[in-house]
Structures are given as structure tokens and as C-alpha cells.
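**Student:** What shape does this take:
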Amino acid sequence: MLNNDLMGPAGLAIGHKTIDEIGSKLLPVSPQNYEVWLTYLTNSSPDLRVALDALLSSGRSISNIDMEELYERFFSTTHLSTQVMETGSRIAHEIADALDALKKAGATTERYGATLNIAAESLVSQTMDGDALKRLINVLASATTEMSKQNSNLSHKLAQSSSEMDKLRTSLRQARAEALTDALTGVANRKLFDETLRLRKEEADADKSELSLILCDIDHFKSFNDTWGHQTGDQVIRFVASALTKFALPDHLVARYGGEEFAVVMPRTPLKQAGRIADQIRTAIEVKRLVRRSTNETIGAVTVSFGGAIYTPGETVSQIIARADECLYFSKRNGRNRVTLETALPPVTVNNAA
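**Tutor:** Next up is the predicted model:
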């Protein structure tokens with residue numbers, strides 16, 4: 001993203017403008033928010049500009065949750081790619097060092113073999129006296145010491161390389177996990193949700209198994225957030241995420257779908273069972289009375305609306321998401337704090353009149 005436009009007075013001006021934009025929206029001046037707004041103001045990412053323009057034109061204030069979602073959506077993959085490149089470079093360096101050590105060990109082994117051949121030829125000679133034998137033993141002892149030292153160095157180097165490779169593998173796994181995990185809640189992010197739903201769809205097609213999808217949304221979250229503040233809003237989002245995780249089955253994927261909305265991908269799960277699990281989650285959330293951590297004030301009950309759909313063989317991922325979303329908004333329009341499955345939706349009347 002850095003270019004000549006960000007150098008000198010022009011760069012200083014755009015930096016000040018970036019901070020002013022963040023301040024005017026009452027957002028934290030964090031490195032992540034700065035990167036999002038700087039990218040937006042320099043028009044370095046057209047897709048990000050479209051997404052942020054949509055938020056700006058919505059008429060509502062932009063929250064830090066919105067900013068987290070934008071950062072995760074447009075920058076986490078870039079950071080993973082950077083981590084992959086750095087790790088690849090370090091692995092290449094370790095391999096080069098190991099090959100160099102092996103090459104040196106090979107040269108030492110070759111010299112040692114030549115020394116042994118000379119010694120063997122000398123030993124079979126009938127003309128060798130005591131002094132010559134002593135010199136030969138000294139040569140063999142020296143060559144053996146050099147060989148032993150080289151083998152020790154090689155073993156140490158290979159052990160170091162093996163240890164470094166293990167660290168790099170762990171680092172890469174952590175980078176991938178961070179790139180696919182929602183920072184606020186610890187559940188899967190939208191990227192991992194999209195990837196998992198696509199793979200589970202392919203699995204359902206291959207195995208002819210059932211695949212259910214549950215979407216849910218925290219009721220009245222905007223007014224709640226405006227009343228109690230973003231930090232308390234974050235607390236509520238984490239609480240809902242933990243409730244979803246608690247009741248989901250081991251092979252289910254709980255993901256933060258966006259803002260205050262979550263999704264649960266349920267492979268090999270009939271829709272009725274998915275509905276029962278969703279209702280367990282709904283009840284567990286409803287009966288809990290939350291306390292604001294900073295002041296110990298009781299902030300009352302939180303409720304969540306749910307919608308569920310089951311995959312129809314041959315359809316697209318977008319179609320099952322759209323149906324689950326339709327069920328979710330049916331719950332929203334009909335009292336909230338309820339679970340609506342697509343089998344319970346009223347039939348659609350088609351008007352065939354000319």
C-alpha cells in the first residue's frame with residue numbers, strides 16, 4: 001500500500017486526514033482502524049471502498065465491530081500470505097544450511113576414506129618399521145578425530161534445523177488459525193465459514209448426508225449497544241458466541257457471520273435436530289442475566305432470533321444461506337426470541353393473474 005503518494009508533505013497530510021476520519025466517527029485510533037481508513041482514503045482497495053461506502057450511506061454510526069469485520073475481511077488474508085512468505089524464506093535458509101553441512105560432511109568422509117585406504121595399503125607392506133607404524137597410527141587418530149568432530153557438528157546442525165522447522169510449522173499453523181478466527185469471540189470468522197460450508201456441501205453431495213444451517217442475530221443489538229456502549233456490546237457478543245459453542249456438536253462449526261450475527265454449520269444433522277439445538281441455545285441465552293463488568297450494573301436479559309434451513313442437493317451455497325436468512329427474519333418480524341425453520345414458513349402464494 002505504501003507508495004510515493006505517502007511520502008513527504010502529501011503523506012503527512014493523508015496521515016492527519018486518516019486520524020481525523022477515525023476521530024470523527026468516535027472510533028479507537030488503533031493500528032487496524034488506521035490501516036482500514038488509510039486504504040480507504042488512498043483508494044488502494046476498490047472492494048474495501050465499496051464496503052465502507054455502503055456502511056457510510058446506511059445512516060447509522062459505524063461501530064468498532066464494523067471496523068473489526070472490515071479489517072478481518074480485507075487484511076487478514078494479506079497478513080497470512082506475508083507470514084507464509086516469511087516462513088518459506090526461513091525454511092529455504094534452513095534447508096540451504098543443512099545441505100551445506102551435509103556437503104562438508106561428505107568431503108570429510110571422502111578424505112577419511114582415502115586415509116583409510118592408504119593405511120590399509122601401508123599395513124600390508126612388509127617394509128614398515130616401528131616408526132612408520134607409529135606415524136600411521138597418528139595419522140589415523142587425527143583423521144578419526146576430524147571425522148568424529150564433523151559428525152558431531154553435523155548432528156548438532158541437523159538437530160537445530162529440525163527444531164527450527166518445528167517452530168516454523170507451529171508459527172504457520174498459528175498464523176492460519178488467527179487468519180480464520182474472529183478476534184473478538186474466538187469462533188470461526190466469515191472466511192472460514194464460507195470455506196467450511198462449501199466443503200460440507202460437497203461432502204453432503206458425495207455422502208448423500210443431511211446438512212443444516214442455522215443463522216442467528218442478537219435482538220435489538222443496536223439500541224442495546226447505543227445504551228450501554230461498545231465495550232458492553234462486545235461482552236454480549238462474546239457471551240452469545242460462548243453459548244453457541246457450548247451447545248454445538250463437536251463436528252459443527254460456529255462462526256461469527258458479521259456484526260452481531262452468527263452461523264452454525266451442522267453436517268449430518270437433520271433440520272429438526274438442528275432446531276432443537278437452536279432452541280436450547282436460545283433458552284440458555286434468554287435466562288441468563290448479564291452484569292456490566294465495569295460497573296457491576298445488571299443489564300438484563302439478552303435474546304436471540306434464529307432461522308434454519310437444510311441443504312437441498314444440487315443447490316448453491318448462496319441458496320441455503322438465503323433460505324436460512326429468510327427464516328431468521330421471519331423470527332425477527334414475528335416477535336423475536338424464537339427459532340423458525342424453513343419447514344414452518346407459510347407457503348408462498350403465486351399470483352398467476354395476467
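
**Student:** So which residues of this structure form helices?
**Tutor:** With DSSP state H applied, the chain shows helices at 8-24, 31-41, 46-56, 64-123, 130-179, 190-207, 221-228, 230-247, 271-287, 317-333, listed in chain order.

**Student:** For the fourth one, what does the pLDDT average out to?
**Tutor:** When you say that, I think you mean helix 64-123. Mean pLDDT, helix 64-123: 63.

**Student:** Stretch 46-55 now?
**Tutor:** pLDDT averaged over stretch 46-55 gives 84.

**Student:** what's it in contact with?
**Tutor:** 36, 39-40, 43, 62, 66, 70, 73-74 (C-beta atoms under 8 Å, 6 or more residues apart in numbering). In short, each C-beta sits where N, CA and C put it, glycine included.

**Student:** Take these and write them to CSV, including neighbour count.
**Tutor:** Converted to CSV, the contacts of stretch 46-55 look like this (neighbours: other C-beta atoms under 10 Å):
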residue, neighbour count
Val36, 27
Thr39, 20
Tyr40, 20
Asn43, 9
Ile62, 17
Asp66, 20
Leu70, 22
Arg73, 17
Phe74, 18
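
**Student:** From those residues, pick the one nearest Leu27.
**Tutor:** Ile62 (6.9 Å; C-beta to C-beta).

**Student:** Distance of the closest one relative to Glu21?
**Tutor:** As judged by C-beta to C-beta, to the nearest Å, Ile62 and Glu21 stand 10 Å apart.

**Student:** which two in the contacts of stretch 46-55 are spaced the farthest apart?
**Tutor:** The distance between the two most remote of those (C-beta to C-beta) is 19.4 Å, for Asn43 and Asp66.

**Student:** Quick one: mean pLDDT for stretch 225-232?
**Tutor:** Here stretch 225-232 scores 82 as its mean pLDDT.

**Student:** in it, what's buried?
**Tutor:** Using 16 or more other C-beta atoms under 10 Å as the test for burial, stretch 225-232 gives 225, 228, 232.

**Student:** Would you confirm that the last one contacts Ile299?
**Tutor:** Yes. Counting by C-beta atoms under 8 Å, a contact exists between Thr232 and Ile299, whose distance comes to 6.5 Å.

**Student:** what touches both of those two?
**Tutor:** Residues touching both Thr232 and Ile299 (C-beta under 8 Å, 6+ apart): Arg292.

**Student:** can I assume Pro28 is in contact with Asn64?
**Tutor:** Yes. Proximity of Pro28 to Asn64 meets the contact threshold set by C-beta under 8 Å, at 6.3 Å.
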